[in-house]
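Trainee: give me the fold of what follows.
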Amino acid sequence: MDRLEAGWRQHVPAFLNAVSTVGAFGHELSRTRRELNELRELHEAATTNASRGLEDVRTELAQEVRTELAQSGESMRADLRSFVQRADGSIEKLWERIEFVRREIMFEMAYGGAATKRSDAKPAGRIINQPLIDEQRRAGHVRLNIGCGHIPLDGYINVDMRDLPGVDIVADVADIPVEPRSINEIFSAHLMEHFPQEEVRRRLLPYWRDLLVEGGTFRAIVPDGEAMLAGAAAGTYAFEDFREVLFGAQDYEGDFHFNMFTPASLSTLLQEAGFRDVVVPVKGRPNGKCFEFEIQAVRA
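Mentor: Okay, here's the model as predicted:
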């Protein structure tokens, strides 16, 4: 018993101490396990969030790349369209220039330099009625009826390339034996359609303008292409009449038509030639087989 009591006294404290230490260790172990679990959960959450964030970044980057590619593609398409448009414009201008040069060459070949001003040319043609010319010069109001044909007008110096009754000057209407800036009025009826467009633009209108005094009047009556085309389209104007007016009766060498005008087109030609105050007092007026309009302008 003594040995038992001695052993108890010796070993019980150590046992109790060991038991308390195990409990503390167990408690510490449990706490450590909880902390480890919390750390693991935090790590898993962080990993999950990181994965989601990475996916979001990948998605955003992909979207940005697609947007950038789309914008770049649109920019490239816009640049390409702009380039094509510039190229088309350059080619169009080049063709316009080529056409302009071609027409200039053809005009020079056709008219032998007649595009130059003729104010220094020597008078040509033949004056038949000098007294009438002198009379009008003394009155200070010289009036020419050019291309009069068989219809000379009173009060005018009648000019035609043919020596017909009533003609006062036999001459080409582009080479009349009168001085520049000496005519107060030039009138023509159904004359201008007998000349090609470029000759009217480059030779005749500038030449007639040079004959007029400053403020002198130019008047013309020509077939009204606008009215005739409208009538032909509506079926109210006979085709044969239209054809004859369009191409001329062709009874003699000078009776061929090479041109057609509308009030607007002839107004433009007059303005280009240096005329102002262009007016069209009459248009669409019936005259035999054609419709005609009258136009007048003043030398600027």
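
Trainee: where in this structure is pLDDT low?
Mentor: 1, 4-5, 7-29, 46-47, 49-54, 57, 100-101, 103-104, 106-124 (pLDDT under 70).

Trainee: give me the domain ranges for it.
Mentor: 1-113, 126-299 (automatic domain parsing).

Trainee: which residues touch Tyr156?
Mentor: Arg143, Leu144, Asn145, Cys148, Phe187 (C-beta atoms under 8 Å, 6 or more residues apart in numbering). C-beta: built from backbone N, CA, C; applies to glycine.

Trainee: can I assume the fourth one sits in a strand?
Mentor: Think Cys148. No. Checked against DSSP: H, G, I helix; E, B strand; the rest coil, Cys148 lies outside a strand; its state is coil.

Trainee: that one against Asp160, yeah?
Mentor: Yes. Shown here, Cys148 and Asp160 form a contact pair, counting by C-beta atoms under 8 Å, at 5.1 Å.

Trainee: so what sits against both of the two?
Mentor: What both Cys148 and Asp160 touch, as defined by C-beta under 8 Å, 6+ apart, is the set Val167.

Trainee: quick one: the helices in the stretch 201-300 of the chain, in order.
Mentor: Remark: helices assigned in the stretch 201-300 of the chain by DSSP state H, counting those that start in this stretch are 205-211, 225-234, 239-247, 263-272.

Trainee: so which of those comes closest to Val280?
Mentor: With C-beta to C-beta as the criterion, Val280 lies closest to helix 263-272 of the helices of the stretch 201-300 of the chain, at 4.4 Å.

Trainee: so what's the gap between the closest one and the chain middle?
Mentor: 19 Å (C-alpha atoms, centre = their mean, to the nearest Å).

Trainee: tabulate the CA atom coordinates of it in PDB.
Mentor: Only the C-alpha atoms of helix 263-272 are listed here, as PDB (Å, rounded to 0.1, in the frame of the first residue of the first chain):
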ATOM      1  CA  PRO A 263     -33.800  79.100-125.100                       C
ATOM      2  CA  ALA A 264     -31.600  78.000-122.300                       C
ATOM      3  CA  SER A 265     -28.800  76.600-124.500                       C
ATOM      4  CA  LEU A 266     -28.500  79.600-126.800                       C
ATOM      5  CA  SER A 267     -28.700  81.900-123.700                       C
ATOM      6  CA  THR A 268     -25.700  80.100-122.400                       C
ATOM      7  CA  LEU A 269     -23.800  80.500-125.600                       C
ATOM      8  CA  LEU A 270     -24.500  84.200-125.800                       C
ATOM      9  CA  GLN A 271     -23.300  84.700-122.200                       C
ATOM     10  CA  GLU A 272     -20.100  82.700-123.000                       C
END
